[in-house]
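> Make a model of this:
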Amino acid sequence: MSAPLSSLLNKLSCALLALAAVFISTTAHAEQKRCLSECKPRIGIVSAFGAEADILLEQTQRKHDWRINGNRFTTGVLRGNPVVIVLSGVSMVNAAMVTQLMLDHFHIERLLMSGIAGGVNPANHVGDVVVPESWAMPMEVYWNGDGSLPAACGEAGDVSCLGLKLATENGKARSDFQFDAPGGKVSSGLFMRDSFVMNAANAPQGEFRFEFQADAQMLAVARDLKPVLATCGPKNPALCVAVQPALIVGGRGISGSAFLANAGYRSYLYDTLQAQLVDMETAAFAQVAYANGVPFIAFRSVSDLAGGNDFKDVGAFFGSGLAETNEASVTLAFLEAWGRAHPKKK
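Residues are numbered from 1 along each chain as shown. Coordinates of the predicted model:
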């Protein structure tokens with residue numbers, strides 16, 4: 001090979017290597033930022049509908065609205081933290097779609113869900129604010145034709161050939177929901193399943209999980225909060241609760257696509273899972289957070305006892321707005337404490 005040709009090939013090879021390095025660097029940089037609209041590091045706050053986020057939006061400073069696929073994302077500063085706030089709309093699907101949209105368009109370092117929920121633990125009261133340590137989706141089920149343990153793939157409890165996995169406790173499938181009947185309990189055949197989730201750490205095989213853990217660092221800050229919780233809401237101050245609302249950090253929250261108005265199923269969820277409360281968004285939000293490797297926490301204020309008119313002070317939420325007021329108070333107290341401990345450039 002002639003010297004001029006060899007030199008030309010060497011230069012071409014170096015140029016191609018340089019281009020590849022720039023491409024890899026740019027791709028890694030874009031992936032690290034993971035933002036299509038704005039790349040300022042922020043806390044992402046998701047609520048299901050207007051009343052839950054109105055108080056937060058009112059106190060947000062330097063607001064700027066972004067319209068993305070019809071959804072309004074509001075950036076600004078809230079209690080010392082750069083934030084972006086969005087309403088997802090009620091439902092698991094809406095929560096998942098909007099949370100992923102937020103993660104794609106903004107540089108979200110941490111996620112926070114703020115809203116109201118139905119009580120499952122009968123010891124809780126309207127106006128209490130619960131911050132669960134984990135979130136599960138027990139209404140993701142295998143609905144068997146009878147009360148026997150599913151055996152679709154041969155052995156009892158094995159549904160792996162269908163790409164599914166039953167939820168277990170201590171190595172055994174969790175019991176199905178059973179209806180009350182004149183002759184005793186009747187099996188529904190509704191057996192809880194684990195959820196399949198894929199992320200960068202578990203690819204390409206993915207994994208099955210029953211629940212998703214809230215961030216330990218954020219939970220530690222929440223445990224130290226001493227918020228002043230209201231007993232009467234702003235919409236109708238004449239309607240007040242008899243028991244002083246409390247902040248409760250810990251336990252399990254659950255979410256599902258069904259609006260739960262069934263006292264028997266509520267009792268099953270408490271007896272089987274020791275669930276604190278139920279909503280229609282947070283566990284889906286939590287799965288999206290886990291799939292993207294983003295730490296999360298959720299604040300939910302108890303509005304009523306899901307499926308029951310026997311809950312104490314049930315009228316206080318609907319008549320006065322107490323639940324969303326207390327939920328917002330705890331969320332703001334958390335953001336203030338978090339901002340002091342982790343100051344950011346505004």
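> When you work out contacts or count neighbours from here on, use the C-alpha atoms and nothing else.
Will do.
> what bits of the stretch 151-300 of the chain have low per-residue confidence?
Nowhere does the stretch 151-300 of the chain drop to pLDDT under 70.
> Could you pull out the helices in it for me?
Along the stretch 151-300 of the chain, counting by DSSP state H, counting those that start in this stretch, helices occupy 216-223, 263-273, 282-292.
> Check which residues of the second one are buried.
Meaning helix 263-273. Ala263, Tyr265, Arg266, Ser267, Tyr268, Leu269, Tyr270, Leu273 (16 or more other CA atoms under 10 Å).
> So for Ala242, which of the helices of the stretch 151-300 of the chain sits nearest?
helix 263-273 (22.7 Å; CA to CA).
> picking up where we left off before, tabulate the buried residues of helix 263-273 (CSV), appending distance to Ser148.
Compiled in CSV, the buried residues of helix 263-273 are given as follows (distance: CA to CA, whole Å):
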residue, distance to Ser148
Ala263, 24
Tyr265, 19
Arg266, 22
Ser267, 21
Tyr268, 18
Leu269, 19
Tyr270, 22
Leu273, 20
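> closest to Ile297 among the residues you listed?
Distances from Ile297 to the buried residues of helix 263-273, taken by CA to CA, are shortest for Leu273, at 19.6 Å.
> distance of that closest one from Asp194?
14 Å (CA to CA, to the nearest Å).
> Which parts of the stretch 151-300 of the chain are strands?
Counting by DSSP state E, counting those that start in this stretch, residue ranges of the strands within the stretch 151-300 of the chain are 168-169, 172-173, 178-181, 184-187, 190-192, 195-197, 207-209, 211-213, 247-249, 252-255, 275-279, 296-305.
> Can you say which of those strands is packed in most?
strand 296-305 (a mean of 29; mean count of other CA atoms under 10 Å).
> Direction included, what does that one pair against?
According to DSSP bridges, strand 296-305 forms sheet pairs with strand 106-119 (parallel), strand 129-131 (antiparallel).
> Mean neighbour count, those strands: which tops it?
strand 129-131 (a mean of 28).
> average pLDDT across that strand?
Per-region confidence: strand 129-131 scores 97 on mean pLDDT.
> immediately after that strand, which helix or strand?
strand 134-136 (DSSP states H and E).
> Output the contacting helices and strands for that following strand.
Strand 134-136 sits against strand 211-213, strand 252-255, helix 282-292, with contacts defined as 3 or more CA pairs under 8 Å, 6 or more residues apart in numbering; DSSP states H and E.
> Which one, of those, ends up nearest to Thr74?
helix 282-292 (18.3 Å).
> returning to that earlier point: for the buried residues of helix 263-273, work out which two are farthest apart.
Ala263 and Leu273 (15.1 Å).
> quick one: terminal-to-terminal distance for stretch 165-176?
Start-to-end, stretch 165-176 (CA to CA) is 14 Å.
> Can you pull out the residues in contact with that stretch?
142, 147, 157-159, 187-195, 208, 210, 272 (CA atoms under 8 Å, 6 or more residues apart in numbering).
> how much space between Pro227 and Ala333?
Taking CA to CA, one finds Pro227 at 7 Å from Ala333.
> In terms of neighbours, single out the busier of these two.
Ala333 (19 against 15; other CA atoms under 10 Å).
> so which helix or strand takes in that one?
Residue-wise, Ala333 maps onto helix 322-341 under DSSP H and E.
> shaky segments in the stretch 1-150 of the chain?
Along the stretch 1-150 of the chain, segments meeting pLDDT under 70 span 1-34.
> Same question for stretch 91-98: list its buried residues.
For stretch 91-98, by 16+ other CA under 10 Å, it's Ser91, Met92, Val93, Asn94, Ala95, Ala96, Val98.
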